[in-house]
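In: The sequence and its predicted three-dimensional model are supplied below.
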Amino acid sequence: MKSSRENRVIETPRLLIRLPQADDVKAILKICNSEHVLRYNAMNKVSTAELIKKFETPHESYWTFHLVCKESNEIIGAVFIEPDTLRYKVRSVSISYYLDEAKTQNGYMHEALNEVLNYIFTILKMDIVTARVFSPNIASIRLLKKLGFLHEGTLRHAVCGYEDVIYDDLLFSLFKSEFEYLENKKTISK
């Protein structure tokens, strides 16, 4: 995966999707340490110092984007693009994401992921995007299916998450050709 670390901003009708900035720490810390986010993500609470260190250390193998609501200029979530550790020698990445609980069920993540997928397929030149979801996370499963992802399989009793709850891990994938087909279909139906 080769791409420059430009300060690219992806814009949607309601969101700015951009690289992390130093002033984002307080807002992101509140969101990522919330019970709502921790419940369905394989992560632990982070400290301010740990988050600042992550912001200051750019990584060549993954990207972090923060979601900024245009109307209020507040950070409402994040999207992560990481190496796909389940595939070998294929142009693929894995995405993960979270959203402030107060902003859920309003289409923000669908709007953000649709543009991030476009970025992955057109700018990063990937052929496949994967996403992994804990089985009880019905909203995320619904979102991925709406975006065109297919459920490839389930690894049962696979991830020990927050507060030592063990989850089944559902694997979803979307091929570039499938994404292009769905985008063309949207264009034709307008």
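Out: Okay, I see it.
In: Regarding residue 184, what is its secondary structure?
Out: Judged by DSSP: H, G, I helix; E, B strand; the rest coil, the three-state class of residue 184 is helix.
In: Ok, residue 37 next?
Out: helix.
In: Give the burial count for the nearest residue to it once chain neighbours are set aside, as a bare number.
Out: Nearest in space to residue 37, with sequence neighbours left out and distances taken as C-beta to C-beta, 6 or more residues apart in numbering, is residue 98 at 4.5 Å. Glycine gets a C-beta too; all of them are placed from N, C-alpha and C. Residues lying near residue 98 (other C-beta atoms under 10 Å) number 24.
In: ok, residue 98 - contacts?
Out: The neighbours of residue 98, taking C-beta atoms under 8 Å, 6 or more residues apart in numbering as the test, are 31, 32, 37, 41, 77, 78.
In: Next secondary structure after the one helix or strand in the chain whose mean pLDDT sits lowest?
Out: Sorting the helices and strands of the chain by mean pLDDT, DSSP states H and E puts helix 48-56 at the bottom, at a mean of 82. Sequence-wise, the next helix or strand downstream of helix 48-56 (DSSP states H and E) is strand 63-69.
In: Output the contacting helices and strands for that next one.
Out: strand 15-18, strand 75-83, helix 108-122 (3 or more C-beta pairs under 8 Å, 6 or more residues apart in numbering; DSSP states H and E).
In: My read is that residue 13 contacts residue 112, right?
Out: No - here residue 13 does not reach residue 112: they are 11.1 Å apart, not a contact under C-beta atoms under 8 Å.
In: before we move on, the earlier item: specify the angle between whichever strand or helix holds the residue nearest to residue 37 and helix 108-122 in degrees.
Out: Assigned by DSSP H and E, residue 98 belongs to strand 92-99. Here the directions of strand 92-99 and helix 108-122 differ by 160 degrees (axes from the mean of the first three to the mean of the last three C-alpha atoms, to 10 degrees).
In: Each with direction, which strands does strand 92-99 pair with?
Out: When pairing is defined by DSSP bridges, strand 92-99 lines up against strand 75-83 (antiparallel), strand 128-134 (parallel).
In: Figure out which of the ones you listed is closest to residue 91.
Out: Closest to residue 91 of these, according to C-beta to C-beta: strand 128-134, at 7.1 Å.
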